[in-house]
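S.K.: Dropping a prediction and its sequence here:
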Amino acid sequence: MRRQRKTKILATLGPSSSSAEMVGKLHSRGVDLFRLNFSHGDHVDHKARYDIIRELEVKQGRPIGILADLQGPKIRIGTFKGGKICLEEGQILTLDLNESDGNDKRVALPHPKVMESLEEGTELLLDDGKLKLRVLEASSATAKCQVLVGGTLSDRKGVNIPNAIVKMSALTDKDRRDLDFALELGVDWIALSFVQRPEDVAEIKKIVAGRAGVMAKIEKPAAVEQLEGIIELADAIMVARGDLGVEIPLQKVPSIQKNIINFAREAGKPVVVATQMLESMITSPVPTRAEVTDVANAIYDGADCVMLSAESAAGDYPLEAVATMSDIAEETEKDVTYQKRMDNQHGILEATTADAISAAASQVARTINATSIVTYTTSGSTALRAARERGTTPIVALTPSLSTARRLALVWGLHCVHTKDAENFADMVEKACNTCFQEGFAKPGERIVIMAGVPFGTPGSTNILRIAWVGEKTLSAV
């Protein structure tokens, strides 16, 4: 199953997409990876969906990635007598740790670490930013606040604190249980919510210990400020525009999104753009023109992957949403200006053998009109550097590691194939040529470019660039 686009599609599974039949149709329409959202459903639900994906993978003979998205801390106020209150501008509302029902004078904010993070001048956004408070006085147990933007406030509404680093771990007790479960299942990616600083990524990477890739979700202003350090530690990045759009002015989201994509691309880390990409397709079979432009802009910026959330998990038209996103990606990548953008946005090469050979492979393939670049990879690092080039030539990633093949399903332009490792140099060339022929990337008489490393099976040892003819018993090199 060869995709006619290089940008990947990540789709969330949920009530609208839990059957084996629907998951199979979503994959055939264009989904490359599936997301299990641990904010909803229980472990039984996620196990059932995981098993469906793995059975589909065997049936299709294609590696399929699975991402487990952890809920993260959810900061919420307590409850009110009567279920809600009405706040007016200028009014005083005190937040405290007392979990009894609140009123128009006080309400619980039952998060001690959050209370410790508040100080005079801190602003709080409630109910997705509909109401705003400013702290006048604060202690470890109470915070006297003035209402800046009023309105109706009901039970257990969410609280965002954009201009403060909250002194709490990105991993809750629930997240730790979900993480253990997801790793035991064998997911390929773990998405970490509520990232504020590089230390949050380091904490979960220590627990994961290489059993999955760690994707840092950028949804807090503090994370934007420490983006470079977070990207350095994370294996991938997600631009989570939902909470990000609540905690920063909406007009700043587009430029921040572009900066995150650029920084991630320069570092050679996969980057996903998520949230409300085709939001109207939850209830409509066609998207708005603005949504189409939004998806296309993420692709023009060079994002590795675009994501569907409620559109595929709970919407009325999950198949149409996937097909639409795939069509947008294909059409965008056909634009003559697309490759120019990729070339203009190319990052500086690192002084490594892998980068030198990746850049050379892309240039050689373009010069000789090779039909594909084949990269042998064990850990995935060589394939990541090849994809970083954002060249015009399709990339076939051969790996003896099924977990690596699944993880690389996220990465721009990679067609991943799980195969046995090469025994020697001649076997390497033969496997590359045969795979390109079988997967539809080359016909007899056409040329391919091969990247590999000797000794074989050694991660990070890329040191060979080979040009081979497909379909000849004795393959000639140039």
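M.R.: Everything's here; your move.
S.K.: What residue, apart from its backbone neighbours, is nearest residue 160 spatially?
M.R.: residue 125 (4.3 Å; Cβ to Cβ, 6 or more residues apart in numbering). C-beta: built from backbone N, CA, C; applies to glycine.
S.K.: The one you found belongs to a strand?
M.R.: Yes - assessed with DSSP: H, G, I helix; E, B strand; the rest coil, residue 125 lies in a strand.
S.K.: what's the burial count for it?
M.R.: 19 (other Cβ atoms under 10 Å).
S.K.: partner residues bridging it?
M.R.: Judged by DSSP bridges, the bridge partners of residue 125 are residue 132, residue 160.
S.K.: Hmm, it is touching residue 159, no?
M.R.: Yes - using Cβ atoms under 8 Å, residue 125 is in contact with residue 159, at 7.1 Å.
S.K.: what about the residue lying closest to residue 43 once chain neighbours are set aside, distance to residue 99?
M.R.: Once flanking residues are discounted, residue 43 sits nearest to residue 181: 5.3 Å by Cβ to Cβ, 6+ apart. For residue 181, the distance to residue 99 (Cβ to Cβ, to the nearest Å) stands at 29 Å.
S.K.: Is the closest residue to residue 424 other than its chain neighbours in a helix, a strand, or coil?
M.R.: Leaving out its chain neighbours, the residue that sits closest to residue 424 by Cβ to Cβ, 6+ apart is residue 456, at 7.7 Å. Recorded secondary structure, residue 456: coil (three-state DSSP).
S.K.: which of the residues in stretch 322-338 are buried?
M.R.: Under the neighbour-count criterion of 16 or more other Cβ atoms under 10 Å, stretch 322-338 has 322, 323, 324, 325, 326, 328, 329, 330, 332, 333, 338 buried.
S.K.: Flag the shaky bits of this structure, pLDDT-wise.
M.R.: By pLDDT under 70, the weakly predicted segments of the chain are 457-458, 460, 472-478.
S.K.: how about 80 then?
M.R.: By pLDDT under 80, the low-scoring segments of the chain are 1, 347, 453-461, 471-478.
S.K.: how is it carved up into domains?
M.R.: Taking automatic domain parsing as the domain assignment, the ranges for the chain are 8-72+171-335, 84-160, 353-469.
S.K.: could these go into CSV alongside distance to residue 345?
M.R.: Shown next, in CSV, are the domains of the chain (distance: least, Cβ to Cβ, whole Å):
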stretch, distance to residue 345
domain 8-72+171-335, 6
domain 84-160, 32
domain 353-469, 8
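S.K.: which residue ranges form the helices in the stretch 351-478 of the chain?
M.R.: Here the stretch 351-478 of the chain has its helices, by DSSP state H, counting those that start in this stretch, at 353-368, 381-388, 402-407, 425-438.
S.K.: Among those helices, which comes closest to residue 292?
M.R.: Closest approach to residue 292 among those is made by helix 381-388 (25.0 Å; Cβ to Cβ).
S.K.: Off-centre distance for the closest one?
M.R.: 17 Å (Cα atoms, centre = their mean, to the nearest Å).
S.K.: elements contacting it?
M.R.: helix 353-368, strand 372-376, strand 395-399, strand 414-418, strand 447-453 (3 or more Cβ pairs under 8 Å, 6 or more residues apart in numbering; DSSP states H and E).
S.K.: buried residues in the first one?
M.R.: Within helix 353-368, the residues that count as buried by 16+ other Cβ under 10 Å are 354, 355, 356, 357, 358, 359, 361, 362, 364, 365.
S.K.: So the last one versus residue 253, what's the distance?
M.R.: So that's residue 365. Distance from residue 365 to residue 253, by Cβ to Cβ: 36 Å.
S.K.: Equivalent analysis for the fourth one, please.
M.R.: Summarising the geometry, the distance separating residue 357 from residue 253, computed by Cβ to Cβ, is 37 Å.
S.K.: One more: the second one?
M.R.: According to Cβ to Cβ, residue 355 and residue 253 sit 32 Å apart.
S.K.: ok, now residue 79?
M.R.: With Cβ to Cβ as the criterion, residue 79 and residue 253 are 32 Å apart.
S.K.: Please apply the same query to residue 236.
M.R.: 20 Å.
S.K.: Please identify which of those two sits among more neighbours.
M.R.: Taking neighbours as other Cβ under 10 Å, residue 236 and residue 253 compare with residue 236 leading, 25 against 15.
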